[in-house]
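Student: coordinates only, sequence not included:
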């Protein structure tokens, strides 16, 4: 099964017609915010993984190490 989703990309924000300039800037900032959020989440995930591996190497069991690494309250 393919995980690639077929879609038609919307590139109307690239156009620079006078009535669309504000919209194109808004779309550009929205895309930048999504990319920033993605890399922020990726960074947090990697940090949690490092913490989990550190705890496991120290002999902490799986469940407590996972809860601690993810910052879950229980």
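Tutor: Sure thing, it's come through. Computed from a predicted structure; not experimentally measured. Residues are numbered from 1 along each chain as shown.

Student: Only C-alpha atoms from now on, for both contacts and neighbour counts.
Tutor: Fine.

Student: Show me where the chain has its helices.
Tutor: Using DSSP state H, the helices of the chain run over 21-57, 62-70.

Student: packing partners for the first one?
Tutor: Spelled out, it's helix 21-57. Here helix 21-57 is seen to pack against helix 62-70 when contacts are counted using 3 or more C-alpha pairs under 8 Å, 6 or more residues apart in numbering; DSSP states H and E.

Student: Go through the helix it packs on and flag the buried ones.
Tutor: Along helix 62-70, the positions that meet the burial threshold by neighbour count (16 or more other C-alpha atoms under 10 Å) are 65, 66, 68, 69, 70.

Student: tell me the mean pLDDT for that helix?
Tutor: Per-residue pLDDT over helix 62-70 has a mean of 93.

Student: Show me what it is packed against.
Tutor: Using 3+ C-alpha pairs under 8 Å, 6+ apart as the contact criterion, the elements in contact with helix 62-70 are helix 21-57.

Student: by how many degrees do the helix it packs on and helix 62-70 diverge?
Tutor: Orientation of helix 21-57 against helix 62-70 (axes from the mean of the first three to the mean of the last three C-alpha atoms, to 10 degrees) gives an angle of 140 degrees.

Student: By mean pLDDT, show me the worst of the helices of the chain.
Tutor: When mean pLDDT is averaged over each of the helices of the chain, helix 21-57 scores lowest at a mean of 88.
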